[in-house]
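[1] Below are the sequence and a predicted model for it; my questions follow.
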Amino acid sequence: MASLLNTLMVLMNYAGGQQVNGVTYFTPLDQVTAKVELVIPAENLVEEFHVTYDRALNLVKYEYSLDPKVPPFKTAHTFKSICDYNTGLAYHMDQSTGTCVVNAFDGNADNSTTTSTRSLLKMLAPEQLFSVKSMMKFINKDKARGINSDSWSLDVSNFYISGYGAVKTRQTLHTLSLNTTKFYRGTARPAIILQRSIAVLDGRANASTTPVVVLNYFDFFSPATPQIFDFNILSCQPSTSPATSSRGGGQAAEAREEIQLKFSGRLPAAGYSEGEGVEVTTFRRQAWMEFARAAGVSPLRSIGNFWSHDDWNTYFTTVLLPSSPANGSAGTAVQRTADAVEELSEAVEAGGVTVVSGGVTLVAVDLRRNVSLMSSTKGEKAVDVFAVYKAHTTIVGMGVRATVQKLSTKQCTERCHRENSFVCQSAATCGYGDCILSALHGDELLKPSESGASLLANHSHCAVWSRVWTNEYVRVTASVFPEMEPEMTADFAEKEETCAKQCSFPSEEGTDCESFTWCPRASLTPGTKRSPCSLYKHHVFDLSPATAPVDGASTDVLTNSQTLCHYYTRNYLIDFEVLENTALADQQLFETMDVEIRQDFNGGWLCAKACIEKLGDENCHSIEICRDDESYKNRCRISAAFVPLGKRDGAASDRLNLTLPQSDCRVHSRVRYLDGSPVTQRTASNPKVSKVGKRSELSAISVVDGYTGGEMAAMALGMVVIGGVVVALMLIVSKRALPAADVAFARFR
């Protein structure tokens, strides 16, 4: 009511020099950003500062560039300074060099020169820039910089001016005219300042009403609802690790702490779509302040401020930065990270950490420290052999095989790809570093567990990735499928990748899958018995019209088509690397045979398949494909000879001895066996040596350097015999160990 009366009296008494109280006439600004032009006429100095102020956080940020007239001379660096009024520390960051200086700011700023950056920033303290706490006398309706304004006169004591110190001043204030702003009856409005002219009235002989400082305000903005401003001081953090650095006084260096608070309950407007609304922003800001309060630290030491939620809880994840080695001048004590975490933990246990947002009160019920925002790079992609299966989802319950913390999306999928203890088919990655591994693939996770519990759950900032297996196959044509009966079907499959996985990892032991058809459910005729995913034991070359019928199948089994259905067959050539314009040397050590290749197929596929089937997985090491211009067919030679491709000593000379230049030929050297283990000189020259590849959990063997899988198995068997117990060891080959861009299929043989 006082603000309303003040306003009405001013509107009715423009010419009467009406006085109002600035505290009640103007509402305090909780948050404000503005570009401020600082003019010191006596120094011919004009500097621009972009100022960001958050009153609740007690933080202010200045962004500016030094003019060549301001030390350091002949520079134009971009600077960012953040003043923390909670601790009395200022962080000055040179954006051009990446350096940072931390010092205390107080009333002892340099008064001897107006060009001191520290002194200029002290003049721009937010309480001086944006607040009006004294009686104001209305002058008239005027214009400032061509904008309609209300002009005021006011005397302000203890106003800091560089070169003068804290002095009594007379100021002329121009605010955006009341007639041009929306006025809410009974509610004070913010002071949208356009200009502030400041004269010194300190009793000096040369005192006058001539302004010694003029402040012009541009792009003045005060948000109606709270926003989260960037007060990041990461560039001021030490680059040395805690293990190798120390602080003053003999104390060990502090490490960053990445912490997650779990609040029971959800925000009413929280959903699982991209972006965040006002409710979420309010929660993040309130949780940020509550975290700092409960930990006894300045909000400046908490960065990231990441929120997430599931169907039951809301999470706030943040990074607590180490305390500054500099001593502040006022406010909250700068305590060490370990003490802050202990204080926060005690507050959570006591139920003393609460956030009110969206009309609900959320209470923190748990604190985690095994999280990471620093390793979870926003927008980072998974390795190439994984694809997003389901966004805003995580793996839960019996679907979880292992959980790892503090991994980024790429690190998590790489961990799944190279997992040794089981065949990892899917991984859930979360924005705060959680990595959840599963032995189930894609649509297999949609099936409930034996107890009926779901294996997937909603989560705003998690995503489920599943292995890509279609790259181990070749799509023969866009719309063909065999007429023969499949070996088995996977009726539950909803996606193509799930079907490919079922072929690479048949669920029925003894089933050999060489090809599959995939038909989206939408393409199937209602009531049809055809499954969306059908698995076959025949390779496309076995079904070729040029071959004899197999198991009674028609010779034109590939000619029938159905819209949207795709037929895939295994690509054996993926385990080979090519040497162009090269042929195998004609020496006795090559046991070769010619395999006639039809011109309308890529000869490499069939040649690789013939090599593995005729020589065996452990003896097939190279193939040669040459054009035969007379017969218009490709000629294939298969060999047990190992052609080294690496740069190790002797590899180049061995390669020269085994191959020769020939423009119409190419040699494919085997680099991986079917179980994913690498082909080496040792394994190629001694086929009886067991290969150590990626295996299923049932067949996993711990391998010590210097021993092969076979040697380890032999030692294990010897110990069993000594103990009088007979055990049959069955090694099931089930997973590949390949680089991200070149993964091959895994099969049971």
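    Yes, it's here.
[2] Against Leu584, how distant is Ser460?
    57 Å (CB to CB, to the nearest Å). From N, CA and C alone the C-beta is placed, and that goes for glycine too.
[3] Same check on Met398?
    Noted for Met398: a distance of 51 Å to Leu584, by CB to CB.
[4] could I get stretch 516-536 in CSV with only the CA atoms?
    Only the C-alpha atoms of stretch 516-536 are listed here, as CSV (Å, rounded to 0.1, in the frame of the first residue of the first chain):
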residue,chain,number,x,y,z
PHE,A,516,17.2,-64.2,-41.6
THR,A,517,14.2,-62.3,-42.8
TRP,A,518,12.8,-59.2,-41.1
CYS,A,519,9.2,-58.0,-41.8
PRO,A,520,7.9,-55.0,-39.8
ARG,A,521,4.6,-55.9,-38.1
ALA,A,522,2.8,-53.3,-40.1
SER,A,523,3.7,-55.1,-43.3
LEU,A,524,2.3,-58.5,-42.2
THR,A,525,-1.2,-59.4,-43.3
PRO,A,526,-3.5,-59.6,-40.2
GLY,A,527,-4.0,-63.2,-39.2
THR,A,528,-0.9,-64.4,-41.1
LYS,A,529,1.3,-67.0,-39.4
ARG,A,530,4.5,-65.4,-40.7
SER,A,531,6.7,-64.1,-38.0
PRO,A,532,8.3,-60.7,-38.2
CYS,A,533,11.7,-62.4,-37.6
SER,A,534,12.5,-65.8,-39.2
LEU,A,535,15.9,-67.5,-38.9
TYR,A,536,17.3,-69.9,-41.5
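[5] Could you tell me how far it lies from the centre of the chain?
    When C-alpha coordinates are averaged (CA atoms, centre = their mean, to the nearest Å), stretch 516-536 and its chain have centres 37 Å apart.
[6] Make residue 1 into 601 and carry on from there
    Shifting the count to begin at 601 puts that one at stretch 1116-1136.
[7] how many neighbours does Ser1122 have?
    Actually, residue 1122 is Ala. It isn't Ser. A total of 7 residues lie near Ala1122 under the criterion other CB atoms under 10 Å.
[8] Just give the nearest non-adjacent residue to it, would you?
    Spatial nearest neighbour of Ala1122, excluding adjacent residues (CB to CB, 6 or more residues apart in numbering): Leu1164 at 7.4 Å.
[9] Okay, now the unreliable bits of the stretch 851-1000 of the chain?
    Applying pLDDT under 70 to the stretch 851-1000 of the chain flags residues 851-853, 874-876, 925-934, 974-982.
[10] likewise the stretch 1001-1150 of the chain?
    Scanning the stretch 1001-1150 of the chain with the threshold set as pLDDT under 70 gives 1077-1083, 1110, 1125, 1127-1128, 1141-1150.
[11] quick revisit: state the distance from the residue nearest to Ala1122 to Arg1121.
    10 Å.
[12] for Val1074, same thing?
    For Val1074, the distance to Arg1121 - CB to CB - is 24 Å.
[13] who's more crowded, these two?
    Between Val1074 and Arg1121, Val1074 has the larger neighbour count (other CB under 10 Å), namely 19 against 11.
[14] Wait, a helix at the more buried one?
    No: read with DSSP: H, G, I helix; E, B strand; the rest coil, Val1074 is strand and lies in no helix.
[15] partners of it in the sheet?
    Beta bridges link Val1074 to Thr1169 when assigned by DSSP bridges.
[16] which residues touch it?
    Shown in contact with Val1074 (CB atoms under 8 Å, 6 or more residues apart in numbering): 1140, 1168-1171, 1205.
[17] farthest-separated two in these?
    Maximum pairwise distance among the contacts of Val1074 (CB to CB): 12.4 Å, between Tyr1168 and Trp1205.
[18] Just to be sure, Cys1012 is in a helix?
    Yes: the assignment for Cys1012 by three-state DSSP puts it in a helix.
[19] What residues are bridge-paired with the closest residue to Cys836 other than its chain neighbours?
    In this structure, Cys836 finds its nearest non-sequential neighbour in Cys700, 3.8 Å apart by CB to CB, 6+ apart. Per DSSP bridges, the residues bridged to Cys700 are Met693.
[20] Pull the number of nearby residues for the residue nearest to Ala1122.
    Neighbour count of Leu1164, defined by other CB under 10 Å: 13.
[21] pLDDT score for it?
    Leu1164 carries a pLDDT value of 73.
[22] Could I get the contacts of Val1074 in JSON lines, plus columns for neighbour count and distance to Trp752?
    Converted to JSON lines, the contacts of Val1074 look like this (neighbours: other CB atoms under 10 Å; distance: CB to CB, whole Å):
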{"residue": "Val1140", "neighbour count": "24", "distance to Trp752": "87"}
{"residue": "Tyr1168", "neighbour count": "23", "distance to Trp752": "79"}
{"residue": "Thr1169", "neighbour count": "22", "distance to Trp752": "84"}
{"residue": "Arg1170", "neighbour count": "23", "distance to Trp752": "83"}
{"residue": "Asn1171", "neighbour count": "19", "distance to Trp752": "80"}
{"residue": "Trp1205", "neighbour count": "20", "distance to Trp752": "85"}
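[23] ok, these vs Glu1180, which is closest?
    Among the contacts of Val1074, Trp1205 lies closest to Glu1180 (CB to CB), at 17.4 Å.
[24] Tell me the spacing between that closest one and Val1279.
    19 Å.
[25] same thing with Gly763?
    Separation of Gly763 from Val1279 (CB to CB): 79 Å.
[26] Quick check on these two: which one has the bigger neighbour count.
    Set Gly763 next to Val1279 and count neighbours by other CB under 10 Å: Val1279 wins out with 23 against 20.
[27] Verify the stated contact: that one with Leu1245.
    No: with contact defined as CB atoms under 8 Å, Val1279 does not reach Leu1245; the gap is 9.7 Å.
[28] ok, how many other residues are close to Leu776?
    Counted with other CB under 10 Å, the neighbours of Leu776 add up to 20.
[29] Number of residues surrounding the closest residue to it other than its chain neighbours?
    Nearest residue to Leu776, sequence neighbours excluded (CB to CB, 6+ apart): Ile792, at 4.0 Å. Residues near Ile792, counting by other CB under 10 Å, number 21.
[30] higher neighbour count, Met998 and Leu1184?
    Leu1184 (23 against 15).
[31] mind listing what the more buried one touches?
    1190, 1192, 1222, 1224, 1237, 1239, 1241, 1243, 1258-1260, 1267.
[32] again, only using 7 Å
    1190, 1222, 1224, 1237, 1239, 1258-1259, 1267 (CB atoms under 7 Å, 6 or more residues apart in numbering).
[33] Please flag which of these sit within strands.
    1222, 1224, 1237, 1239, 1259, 1267 (DSSP state E).
[34] top of these by neighbour count?
    Val1267 (29 neighbours).
[35] Quickly list what it is bridged to.
    Assigned bridge partners for Val1267, using DSSP bridges, are Leu1179, Glu1224.
[36] Thought Thr1182 was touching it, still the case?
    Yes: Val1267 is in contact with Thr1182 according to CB atoms under 7 Å; the separation is 4.6 Å.
[37] and for those two, which residues touch both?
    Shared contacts of Val1267 and Thr1182, defined by CB under 7 Å, 6+ apart, are found at Thr1259.
[38] As PDB, could you dump the C-alpha coordinates of stretch 747-754?
    C-alpha atoms of stretch 747-754 as PDB (Å, rounded to 0.1, in the frame of the first residue of the first chain):
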ATOM      1  CA  ILE A 747      13.800   7.400 -24.000                       C
ATOM      2  CA  ASN A 748      10.900   8.800 -21.900                       C
ATOM      3  CA  SER A 749      12.000   8.800 -18.400                       C
ATOM      4  CA  ASP A 750      11.300   9.900 -14.800                       C
ATOM      5  CA  SER A 751      14.000  12.100 -13.400                       C
ATOM      6  CA  TRP A 752      14.900  12.000  -9.700                       C
ATOM      7  CA  SER A 753      17.400  13.700  -7.400                       C
ATOM      8  CA  LEU A 754      18.800  11.900  -4.400                       C
END
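[39] got the contact list for it?
    By CB under 7 Å, 6+ apart, stretch 747-754 touches 734-743, 771-780, 794.
[40] Let's see which of those end up in strands.
    Reading strands off these with DSSP E, I get 735-743, 771-776, 794.
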